[in-house]
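Colleague: below: sequence and its predicted model.
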Amino acid sequence: MLKIGDKAPDFSLLSDTGEKVSLKDLKGKKVILYFYPKDDTSGCTKEACSFRDNIKIIERKNAVVIGVSKDSVSSHQKFKKKYNLPFTLLSDENLDMLKDYDVWKEKSMYGRKYMGIERTTYIIDEKGKISEIFNKVKVDGHTEDILSGL
């Protein structure tokens, strides 16, 4: 279990542009690292669009937004284009980062158990330490909570 004050686990994953993105590349900026279940689904779209609509405020606070799911790079490209998302989406098809950040969990829907991503957001400070953790995120009001945590 990661805690506030812990060094954030490094990662190196392919982005929606096909380039590798690592945490060490983002040193000196605050990182809003949000994990979401699936591209182009209702809650995930609402969350992504809320970050999009607040991106100027986020950037003024020296922060970047990075979304992570297990969807493919091509799925991320379509999702990003469809909703004009101005931030990076990372593909973790191998589940390495999802497990490192403890967001790959057993979930249940209609009595059926399955493994999936628990909607979670980490704020990582300029030195690579975790400054905030939002578990089991409810989409409504989440971006406002993030902005107050920056």
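Modeller: Nice, thanks for sending it over. Since the structure is predicted, the reported quantities are computational estimates derived from the model, not experimental observations.

Colleague: just want the most central residue of the chain.
Modeller: In the chain, the centroid-proximal residue (Cα atoms, centre = their mean) is residue 34; its distance is 1.9 Å.

Colleague: I figured that residue was touching residue 66, is that so?
Modeller: Yes. Using Cβ atoms under 8 Å, residue 34 is in contact with residue 66, at 7.3 Å. For every residue, glycine as well, the C-beta is placed using N, CA and C.

Colleague: circling back: got a list of what the residue nearest to the centre of the chain touches?
Modeller: Neighbour list for residue 34: 47, 51, 65-68, 119-122, 137 [criterion: Cβ atoms under 8 Å, 6 or more residues apart in numbering].

Colleague: quick one: which of the residues you listed sit in helices?
Modeller: Members of these lying in helices (criterion: DSSP state H): 47, 51.

Colleague: mind checking which of the contacts of residue 34 land in strands?
Modeller: 65-68, 120-122 (DSSP state E).

Colleague: give me the buried subset of these.
Modeller: With neighbours counted by 16 or more other Cβ atoms under 10 Å, the ones in strands among the contacts of residue 34 contain buried members at 65-68, 120-122.

Colleague: for the protein, which segments count as strands?
Modeller: Secondary structure of the chain, counting by DSSP E: strands at 12-15, 20-22, 30-35, 63-69, 88-91, 104-109, 112-117, 120-124, 130-134.
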